[in-house]
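**Q** Coordinates only, no sequence provided:
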């Protein structure tokens, strides 16, 4: 009786064979989909990798143009024509990178170079806008703090102190952290407060600078301002 039951019960191999036979079409389609998916993933990875390499190469050429521009600018008025040619090359190459590789490291470098170029040309509004473009396109970049600091400096050059303060406030609030710009932002907020004849508020910023960033190079400057303001009878608002 027991031998008959054993014979009637299919083995594992038989069950597997039966399953494969009954689902052969489905398994064939599934296998095809998996193979195509793996192939597509490899192709996409290679395309993305190639694009990143191309963006990096373009960025290197852009930086070389920028370095030639800065070197030529030091030569004086006789280099005006060369400067214009290099500026045109920088702008064309940078805009090409931003259009073709908008989220790449190359695009980040292009925005950096354009910011520096506009600043050197005293195009402060354009320098500010390019700096802010870094914060918008690359919000997680380690350069966000620097970009906000540059935007603040450009706004101050344009005479818009309120806007400059708003960018510095963003750094102090933690945008772009970690960044060495936070100590500098606190000092500049104090400085701007002094310019606006608000010494008590300035003292608050300087005290915060000293308390939160004791090892920063900006801290000694902050201490000097604290000493001077307190010698004038200024007290921090509470």
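**A** Arrived safely, thanks for sending. Because the structure is predicted, anything quoted here is derived from the model rather than measured.

**Q** pLDDT of stretch 93-102, averaged?
**A** Per-residue pLDDT values over stretch 93-102 give a mean of 94.

**Q** give the contact list for residue 99.
**A** Counting by C-beta atoms under 8 Å, 6 or more residues apart in numbering, residue 99 touches no other residue. Yep, even glycine has a C-beta here, placed from its N, CA and C like the rest.

**Q** same thing but at 10 Å, please
**A** Going by C-beta atoms under 10 Å, 6 or more residues apart in numbering, residue 99 touches 107, 110.

**Q** now swap in the one 10 residues further on and tell me
**A** Residue 109 makes contact with 55-56, 58-60, 62-63, 66, 94, 97, 143 under the criterion C-beta under 10 Å, 6+ apart.

**Q** Leaving out the residues flanking it, which one is nearest to the residue nearest to the spatial centre of the chain?
**A** The centroid of the chain falls nearest to residue 141 when counting by C-alpha atoms, centre = their mean (2.9 Å). Nearest residue to residue 141 in three dimensions, chain neighbours excluded: residue 108, at 6.2 Å (C-beta to C-beta, 6 or more residues apart in numbering).

**Q** Tell me how many other residues crowd that neighbour.
**A** 23 (other C-beta atoms under 10 Å).

**Q** any idea which helix or strand carries it?
**A** Using DSSP states H and E, the element containing residue 108 is helix 105-120.

**Q** Quick check: buried residues in that helix?
**A** By neighbour count on 16 or more other C-beta atoms under 10 Å, the buried set for helix 105-120 is 106-119.

**Q** What ranges in the chain fall below the confidence cut-off?
**A** Residue ranges of the chain with pLDDT under 70: 1-10, 13-17, 19-20, 23, 27, 30, 36-37, 39-52, 77-78, 237-238.

**Q** how about the helices of it, start to end?
**A** 2-8, 12-22, 24-73, 80-100, 105-120, 124-137, 144-157, 161-172, 181-195, 199-212, 217-231 (DSSP state H).

**Q** Now find how far off-centre the fifth one is within its chain.
**A** Put plainly, it is helix 105-120. 12 Å (C-alpha atoms, centre = their mean, to the nearest Å).

**Q** Kindly report the same for the fourth one.
**A** What separates the centre of helix 80-100 from the centre of its chain is 21 Å, taken as C-alpha atoms, centre = their mean.

**Q** Go through that helix and flag the buried ones.
**A** Result for helix 80-100 [16+ other C-beta under 10 Å]: buried residues 83, 86-87, 89-91, 93-94, 97-98.

**Q** Buried among the contacts of residue 109? Make that a PyMOL selection.
**A** Command for PyMOL that selects the buried part of the contacts of residue 109, burial taken from 16+ other C-beta under 10 Å:
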select buried, resi 55+58+59+62+63+66+94+97+143
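
**Q** That's all I had, so thanks and see you.
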